[in-house]
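K.L.:
Sequence first, then the predicted structure, then my questions.
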Amino acid sequence: MIQLPAAPALTVPSAVVKTSYLVGEQADMKHRGSDAQWLSAASLDFDAFVAERTGVRERWGVPSELFWFTSGEYYIGSLVIRHELTDDEGGGHIGYHVVYPWQNQGHATRMLGDALVRCAALGIDRALLTVAPDNAASIAVVRRNGGVEEGGLNSEGELQFWIDTSVA
């Protein structure tokens, strides 16, 4: 097992983790059987790739911010905080993923906990998270962070969970 140089934290995207990011995302894409072609452009101009992902940007029609979960030069995963909900509430306030090599080590639970603190600072009192019904690992992460399921599925077929950010 790789020993991380420090406790991982949410950080602004940075070229410091270039190699780890590219390798981690490629391994994750291959593990899921997904196309990793998008990594080609990122590998050719990683600085531009990072620049497109920093700061508050409009994504999905709402202001949002992207963070990477890192420790030194190690990239572990990505997390987005939507400052507002989309009209259909699809995706909720927070979306995250841990790349395959780092899964099942508690990183997603810590990422989400850190994101809830950031949501509280943004004035989001209750954060909405949506999870595919067959994603048992993510459901467990949300519940460990205080997520309470709201009955039924949303328009995208996902479970909806609300988390009170004041306890974060």
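P.N.:
In hand now; what should we look at?

K.L.:
contacts, neighbours, all on C-alpha from now
P.N.:
Noted.

K.L.:
Can you list the buried residues in the helix or strand hosting residue 150?
P.N.:
Using DSSP states H and E, residue 150 sits within strand 148-153. Neighbour-count burial for strand 148-153 flags residue 149 (criterion: 16 or more other C-alpha atoms under 10 Å).

K.L.:
Against which helices or strands is that strand packed?
P.N.:
Applying 3 or more C-alpha pairs under 8 Å, 6 or more residues apart in numbering; DSSP states H and E, we find strand 148-153 packed against strand 159-164.

K.L.:
and residue 61, what does it touch?
P.N.:
With C-alpha atoms under 8 Å, 6 or more residues apart in numbering as the criterion, the residues that contact residue 61 are residue 86.

K.L.:
mind checking how far it is from residue 87?
P.N.:
Using C-alpha to C-alpha, to the nearest Å, we find residue 61 at a distance of 9 Å from residue 87.

K.L.:
Kindly export the helix or strand of the chain with the lowest mean pLDDT (C-alpha atoms) in PDB.
P.N.:
The helix or strand of the chain with the poorest confidence is strand 148-153; it has a mean of 90 (mean pLDDT, DSSP states H and E). The C-alpha coordinates for strand 148-153 follow below in PDB (Å, rounded to 0.1, in the frame of the first residue of the first chain):
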ATOM      1  CA  VAL A 148     -31.200  11.100   5.000                       C
ATOM      2  CA  GLU A 149     -33.000   9.500   2.100                       C
ATOM      3  CA  GLU A 150     -36.000  11.300   0.600                       C
ATOM      4  CA  GLY A 151     -38.500   8.800  -0.700                       C
ATOM      5  CA  GLY A 152     -38.600   7.800  -4.300                       C
ATOM      6  CA  LEU A 153     -36.300   8.300  -7.300                       C
END
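
K.L.:
got the angle for it vs strand 159-164?
P.N.:
Taking axes from the mean of the first three to the mean of the last three C-alpha atoms, to 10 degrees, strand 148-153 and strand 159-164 form an angle of 160 degrees between their directions.

K.L.:
Strand 148-153 pairs with which strands, and in what direction?
P.N.:
Its sheet considered, strand 148-153 pairs with strand 159-164 (antiparallel) by DSSP bridges.

K.L.:
per-residue confidence averaged over stretch 5-21?
P.N.:
Stretch 5-21 carries an average pLDDT of 97.

K.L.:
Tell me which residues are up against it.
P.N.:
46-47, 50, 53-55, 66-76, 107, 111, 114-115.
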